[in-house]
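> Need a 3D model of the following:
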Amino acid sequence: MSDLTPLVESKRHIVEALIFGSDEPLTIRQIMDILGSSEHAGPRIRMKEDEVLGVIRELNGTYVQQGRSFRIIQVAGGFQFATMPEFADWLGRMVKEKAKRKLTQATIETLSVIAYKQPVTKPEVEAIRGVNADYAISKLMERGLVTIVGRSATAGRPLLYGTTSEFLKHFGLNDLSELPKPREIEEIMADQGFEMEKELLKRMGKTDEEIEETLGKTVVSESGILQELPAVPEEPAVPPPPADAGAIS
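Sure thing, here's the model as predicted:
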């Protein structure tokens, strides 16, 4: 049973949750601002800098007593959770294992073809992608994302491939009807392109009016510099032939 008052215990839990949930180091000032923020409904907690630091020290003390594998450390001017150095080898193994499971560009492209064209044969996949698909299909089957669903009725009766329930789970889908339509993908990519272009133009100091005028007329060069597309010169108008051009004198 904790001897701490509910408010003190609550502060500890909140500070712990904030640092744990942040994907980057949180400074003392950021923690204090979040606790005392009036932008959202709910209770506000006022804490001084020394009090926040004290809570972090208490939390680390608790982790030591409980033999936890992590601590709250100070890095880059803020605080974040980190595992103890003696577990580095195990974490390295985990990272390597994750890297093995990561889908490569080739497997993603092959998986896309199978997902949209299923049931589909390997020769059909290769005809669409223009490269051999043996390795990609093998890796997708190892991951449980693709499986053999039958044989084609065409000559040679090649195997037919389709996606699995693991594929749906991996991409957060209930069924294949939730796959975005090709037109939707094109629209999403176009929207993302325009948003990126807007952001780059803003960083170049362009006003909103200038951005609207320039949008869609820029391109990123090989060196990463945003450049305006050259204007297409208008073709000079061809003057009409003189009225007597075809007359014989």
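
> So Leu140 sits against Thr147, correct?
No. Taking contacts as C-beta atoms under 8 Å, Leu140 lies outside contact range of Thr147: 9.0 Å. C-beta here means a position set from N, CA and C on the backbone, and glycine is covered the same way.

> the more surrounded of the two?
For Leu140 and Thr147, the more surrounded residue by other C-beta atoms under 10 Å is Leu140, and the numbers stand at 23 against 16.

> For Leu103, see how far away that one is.
Distance from Leu140 to Leu103, counting by C-beta to C-beta, to the nearest Å: 8 Å.

> For the two, list the residues in contact with both.
Common contacts of Leu140 and Leu103, defined by C-beta atoms under 8 Å, 6 or more residues apart in numbering, comprise Leu111.

> elements contacting the helix or strand where Arg29 lies?
In this assignment (DSSP states H and E), Arg29 forms part of helix 28-35. In terms of contact count using 3 or more C-beta pairs under 8 Å, 6 or more residues apart in numbering; DSSP states H and E, helix 28-35 is assigned the packing partners helix 6-21, helix 49-66, strand 78-83.

> how about 7 Å then?
Here helix 28-35 touches helix 6-21, helix 49-66, going by 3 or more C-beta pairs under 7 Å, 6 or more residues apart in numbering; DSSP states H and E.

> what's the angle from it to strand 78-83?
In terms of direction (axes from the mean of the first three to the mean of the last three C-alpha atoms, to 10 degrees), helix 28-35 departs from strand 78-83 by 90 degrees.

> Export helix 28-35 to CSV, keeping only CA atoms.
Once non-C-alpha atoms are left out, helix 28-35 reads as follows in CSV (Å, rounded to 0.1, in the frame of the first residue of the first chain):
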residue,chain,number,x,y,z
ILE,A,28,10.8,19.8,-17.9
ARG,A,29,9.1,22.9,-19.4
GLN,A,30,7.1,20.8,-21.8
ILE,A,31,5.9,18.5,-18.9
MET,A,32,4.9,21.5,-16.8
ASP,A,33,3.1,23.1,-19.7
ILE,A,34,1.1,19.9,-20.5
LEU,A,35,0.2,19.4,-16.8
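
> by how many degrees do that helix and helix 6-21 diverge?
Between the axes of helix 28-35 and helix 6-21, defined by the same axes, to 10 degrees, the angle is 120 degrees.

> Pull the residues that contact helix 28-35.
Taking contacts as C-beta atoms under 7 Å, 6 or more residues apart in numbering, the residues outside helix 28-35 that touch it are Ile14, Val15, Leu18, Ile45, Met47, Glu49, Val52, Leu53.

> PyMOL command to pick out the buried ones of the residues you listed?
Selection of buried members from these for PyMOL, criterion 16 or more other C-beta atoms under 10 Å:
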select buried, resi 14+15+47+52
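
> Which of the contacts of helix 28-35 sits closest to Lys181?
Leu18 (40.3 Å; C-beta to C-beta).

> Tell me how far that closest one lies from Arg46.
Distance, Leu18 to Arg46, using C-beta to C-beta: 15 Å.

> What number of residues are in the vicinity of Ala82?
12.

> Settle this for me: it is touching Gln74, isn't it.
No. Assessed by C-beta atoms under 7 Å, Ala82 is found out of contact with Gln74, at 10.0 Å.

> circling back to that earlier point, now the helix holding Arg29: mean pLDDT?
Across helix 28-35, the average pLDDT comes to 90.

> quick one: least confident helix or strand in this structure?
The helix or strand of the chain with the poorest confidence is strand 218-220; it has a mean of 42 (mean pLDDT, DSSP states H and E).

> and Ser69, how far is that from Thr83?
Ser69 sits 6 Å away from Thr83, going by C-beta to C-beta.

> neighbour count winner among these two?
Under the criterion of other C-beta under 10 Å, the comparison of Ser69 against Thr83 puts Thr83 first, with 14 against 11.

> Show me where this protein has its helices.
With helices called from DSSP state H, the chain shows them at 6-21, 28-35, 49-66, 88-101, 105-117, 122-129, 134-142, 165-170, 182-203, 208-214.
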